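# This is the structure alone, sequence omitted:
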């Protein structure tokens, strides 16, 4: 019947025995080799997209990482697994609206609504494949990565928020919380070959039911800051004046000290001069000093009362009407 299939022109049957099988059989090996070669080339060619990297497995073990582009592998020996390495961004916690996940307990036992965005990407495809699942050739997609990122990031954020008070979260420690959250999240995700590009706090607010109270607190804090700034401005004005007054007082004190020192030096010089005179003529010097002292005392306007029954005269050294020995240091005489 096979012979009846082939018919020539005019309806004549073709005889298969007359077909040139010997000529065709000479090209058959080359034809088989060409077909096998095309199949091998097709099997060995691997295309890695721009947003991917390929992990090459050889007999179940990692052989290398292929960058984006066209690559050729050993067919039936090397097996590539493409991993999406593009950057993704998700907002956490999932859902967006206030719920049990967004409401976090602070260190002072208050509550805060915390929401943040995190940007991440697979940075180590091999580690990502072999640590995220026990199966060395798992099927990977963005949802798997997002689930891991969400779980770890929320755990870190709950831990950090619990270390700060609500006031610190709302004011000056907010950036510190953000930086610590990014660092800790990146450290934990690095074990799975995932890198954190950025973590930003989008919302840190008190629960709506206590918003009014916190607004009043914020207003008080702003007022406090204004008063502090006003005090600093006044200090900046008064401090130079005080410093100038201080310098003036110091100069006056130094001048007074110099005058007193000069006066003291003059008095010392006068006393030394009198002492030299006393050494030359002790008796006459004593009498002169006594007279000078009495002159200074009696020259004042205030009345002076002298009470001494044994004193015959106001000036015993002058021996007016008295036989007592002269001199200011007589045994029984003197002005008192």
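Nice, thanks for sending it over. None of the values given here were measured: they were computed from a predicted structure. Numbers count the residues shown, from 1 in each chain.

# ok now do residue 153, which residues does it touch?
By Cβ atoms under 8 Å, 6 or more residues apart in numbering, residue 153 lies in contact with 92, 116, 118, 181, 185, 199. (Each C-beta comes from the backbone N, C-alpha and C, glycine too.)

# nearest to residue 297, of the residues you listed?
Residue 297 lies nearest to residue 181 out of the contacts of residue 153, by Cβ to Cβ, at 90.4 Å.

# how's the chain carved up into domains?
The chain breaks down by automatic domain parsing into domains covering 2-53+66-79, 87-206, 225-293.

# Relative to residue 60, which of the ones you listed is closest?
Comparing the domains of the chain by Cβ to Cβ, domain 87-206 comes nearest, at 6.2 Å.

# circling back: nearest to residue 44 among the contacts of residue 153?
Nearest to residue 44 out of the contacts of residue 153 is residue 118 (Cβ to Cβ; 39.0 Å).

# residue contacts, the closest residue to the closest one other than its chain neighbours?
Of all residues not flanking residue 118 in the chain, residue 199 sits nearest, at 4.8 Å (Cβ to Cβ, 6 or more residues apart in numbering). Shown in contact with residue 199 (Cβ under 8 Å, 6+ apart): 116-119, 153, 178, 181-182, 185.

# Next, format those residues as TSV and append pLDDT.
Shown next, in TSV, are those (pLDDT from 0 to 100):
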residue	pLDDT
116	93
117	94
118	95
119	95
153	92
178	93
181	94
182	95
185	95
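
# from these, which ones fall inside helices?
153, 178, 181-182, 185 (DSSP state H).

# Identify the farthest-apart pair in these.
153 and 178 (12.0 Å).

# hey, what's in contact with both of the two?
Counting by Cβ under 8 Å, 6+ apart, the contacts common to residue 153 and residue 178 are 116, 199.

# now, which of the contacts of residue 153 sits nearest residue 255?
residue 181 (64.5 Å).

# and that closest one, what does it touch?
Under the criterion of Cβ under 8 Å, 6+ apart, the neighbours of residue 181 are 116, 153, 156-157, 160, 199, 201.

# One more pass at 7 Å, please.
156-157, 160, 199 (Cβ atoms under 7 Å, 6 or more residues apart in numbering).

# Between those, identify the one with the most neighbours.
With neighbours taken as other Cβ atoms under 10 Å, the top of the contacts of residue 181 is residue 157, carrying 26 neighbours.

# gap between that residue and residue 270?
Residue 157 sits 87 Å away from residue 270, going by Cβ to Cβ, to the nearest Å.

# for the ones in helices among the contacts of residue 199, which one is nearest residue 102?
Distance to residue 102 across these (Cβ to Cβ) is lowest for residue 153, with 12.9 Å.

# Can you read off the pLDDT for the spatially closest residue to residue 166 that is not a sequence neighbour?
The shortest distance from residue 166 to any non-neighbouring residue, by Cβ to Cβ, 6+ apart, is to residue 110 (3.9 Å). As predicted, residue 110 sits at a pLDDT of 82.

# start the count at 77, not 1, going forward
With the count now opening at 77, the last piece we talked about shows up as residue 186.

# wait, residue 186 sits on residue 243?
No: in this structure, residue 186 is not within contact of residue 243 by Cβ atoms under 7 Å, at 8.7 Å.

# Quick check: which element contains residue 227?
Per DSSP states H and E, residue 227 falls inside helix 218-237.

# scratch that, residue 130 is what I was asking about
Going by DSSP H and E, residue 130 is part of strand 128-134.

# contacting residues around the following helix or strand past that strand?
Counting by DSSP H and E, the element after strand 128-134 in chain order, helix or strand, is strand 137-142. If you take Cβ under 7 Å, 6+ apart as the criterion, strand 137-142 is touched by 122, 124, 129-133, 154, 156, 201-202.

# List the buried residues of stretch 195-211.
Residues of stretch 195-211 classed as buried: 196-206, 208 (neighbour count, 16 or more other Cβ atoms under 10 Å).

# cool, and stretch 230-241?
Those would be 230, 232-233, 236-237, 240-241, for stretch 230-241 by 16+ other Cβ under 10 Å.

# Identify the residue with the minimum pLDDT among those residues.
Of all the buried residues of stretch 230-241, residue 241 carries the smallest pLDDT score, 88.

# got a list of what that residue touches?
Shown in contact with residue 241 (Cβ under 7 Å, 6+ apart): 182-184.

# rewinding a little: which stretch among the domains of the chain comes nearest residue 293?
Using Cβ to Cβ, the nearest of the domains of the chain to residue 293 is domain 163-282, at 7.5 Å.

# Please measure how far the first residue of that closest one sits from its last one.
End-to-end distance for domain 163-282, by Cα to Cα, to the nearest Å: 32 Å.

# Tally up the residues packed near residue 264, please.
Residue 264 has 18 neighbours, counted by other Cβ under 10 Å.

# hang on, the earlier thing: with distance to residue 318 as extra columns, can I get the contacts of residue 257 in TSV?
Listed next are the contacts of residue 257 as TSV, based on distance: Cβ to Cβ, whole Å:
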residue	distance to residue 318
232	51
233	50
236	45
275	49
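
# Which of those sits closest to residue 222?
Of these, the one sitting nearest to residue 222 (Cβ to Cβ) turns out to be residue 275, at 14.5 Å.

# ok so, going back, now, which of the ones in helices among the contacts of residue 275 sits nearest residue 333?
Set against residue 333, the nearest of those by Cβ to Cβ is residue 254 (60.4 Å).
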